[in-house]
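Chemist: Provided below for reference: sequence and predicted model.
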Amino acid sequence: MRILVTNDDGIHGPGLTVLEEIAHAISDDVWVVAPDEERSGAGHSLTLSNPIRYQKLGERRFEVTGTPTDCVVMAVRKILPEMPDLVLSGVNRGQNIADDVTYSGTIAAAMEGTALGLKSIALSQVSGIYENGESFAVARAYGEGVVKKLLTLPFGPGVLVNVNFPDCRPDELAGIEVTRQGKRDQNFLLVDERIDARDRNYYWLGFARERGNPPAGTDLAAVFQKRISVTPLHMNLTQIDAMEALRGVFAS
């Protein structure tokens, strides 16, 4: 089995090492193609207005001057000798649940793999909820087993799987739950205003750490309850229930 490993935290991201370990436990044919620097929040973006370059860093290891989506495209169309059988993206430093899904470069890489007809899995390590820092211990302890179980299933057209490991010690894990994408009950995106040395304003975008009160069965609730969240996502975003009402509006 040929596995393509990528991420959005960059070629030197600590979670990439964890994902390489998971991939090598499954196959000897592992290729790493990742951004040359952090591209968090890139979403499913392509680089179209600038050239893309790549550099070989080692045996089956490459960095790309582009987004996570660019990395998957370059890997499949240019770098790898043949198509991979599996795309693994992550392990992201921080959660990719609920509203994060549309922003995430980690999930976008898996989306691109799915668009190319490849089985694709995004993996993220939640941090900051229980003040355990940025430990990847749960991902390292359980990631291989989760991926192996997912490999036994057909995903179907347009489907990718989003896995989030909770912020706890491995011995505190409460289980694995198949979940639906949640929705935060507060405004989680913050704008932090600061002043530079020339007395001009500048801004950092960031995320609130509030837990909220998510409903059972969601990815949010699962990770708050120290469970691994496994969520099937679909590339087709059509809201089927709204179609009939729209037809009625435009029929007259």
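Modeler: On my side now, so go ahead. Numbering: from 1, shown residues only.
Chemist: now the helix or strand of the chain with the lowest mean pLDDT, how far from the chain's geometric center?
Modeler: Least confident element among the helices and strands of the chain, by mean pLDDT, DSSP states H and E: strand 201-207 (a mean of 84). On the basis of C-alpha atoms, centre = their mean, to the nearest Å, strand 201-207 sits 22 Å off its chain's mean C-alpha point.
Chemist: what's the answer for stretch 5-25, then?
Modeler: How far stretch 5-25 lies from its chain's middle: 12 Å, per C-alpha atoms, centre = their mean.
Chemist: wait, Glu82 sits on Met1?
Modeler: No - with contacts counted by C-beta atoms under 8 Å, Glu82 stays clear of Met1, the gap being 11.7 Å. C-betas here are computed from N, CA, C, even on glycine.
Chemist: those two - which one has more neighbours?
Modeler: Met1 (13 against 8; other C-beta atoms under 10 Å).
Chemist: right, and the more buried one touches His24 too?
Modeler: No - counting by C-beta under 8 Å, Met1 does not reach His24; the two are 11.5 Å apart.
Chemist: so what's Glu20 closest to, chain neighbours aside?
Modeler: Val5 (5.9 Å; C-beta to C-beta, 6 or more residues apart in numbering).
Chemist: I'd like to know which elements whichever strand or helix holds that neighbour is packed against.
Modeler: Using DSSP states H and E, the element containing Val5 is strand 2-6. Using 3 or more C-beta pairs under 8 Å, 6 or more residues apart in numbering; DSSP states H and E as the contact test, the elements touching strand 2-6 are helix 14-26, strand 29-35, helix 68-74, strand 86-93.
Chemist: give me the mean pLDDT for it.
Modeler: Averaged over strand 2-6, pLDDT sits at 98.
Chemist: next, the angle strand 29-35 makes with that strand.
Modeler: Relative orientation of strand 2-6 versus strand 29-35 (axes from the mean of the first three to the mean of the last three C-alpha atoms, to 10 degrees): 20 degrees.
Chemist: partner strands of strand 2-6, with direction?
Modeler: With DSSP bridges as the test, strand 2-6 is paired with strand 29-35 (parallel), strand 86-93 (parallel).
Chemist: can you redo those strands as CSV with distance to Val138?
Modeler: CSV is the format used below for the strands paired with strand 2-6 (distance: least, C-beta to C-beta, whole Å):
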stretch, distance to Val138
strand 29-35, 22
strand 86-93, 10
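Chemist: identify the spatial nearest neighbour of Ile22, chain neighbours not counted.
Modeler: Nearest non-adjacent residue to Ile22, counting by C-beta to C-beta, 6+ apart: Gly143, 4.4 Å away.
Chemist: with Thr69 instead?
Modeler: Nearest one to Thr69, counting by C-beta to C-beta, 6+ apart, is Glu112 at 4.7 Å.
Chemist: so where do the strands sit in the stretch 51-200 of the chain?
Modeler: In the stretch 51-200 of the chain, the strands defined using DSSP state E, counting those that start in this stretch lie at 54-58, 61-64, 86-93, 119-125, 159-165, 175-178, 189-195.
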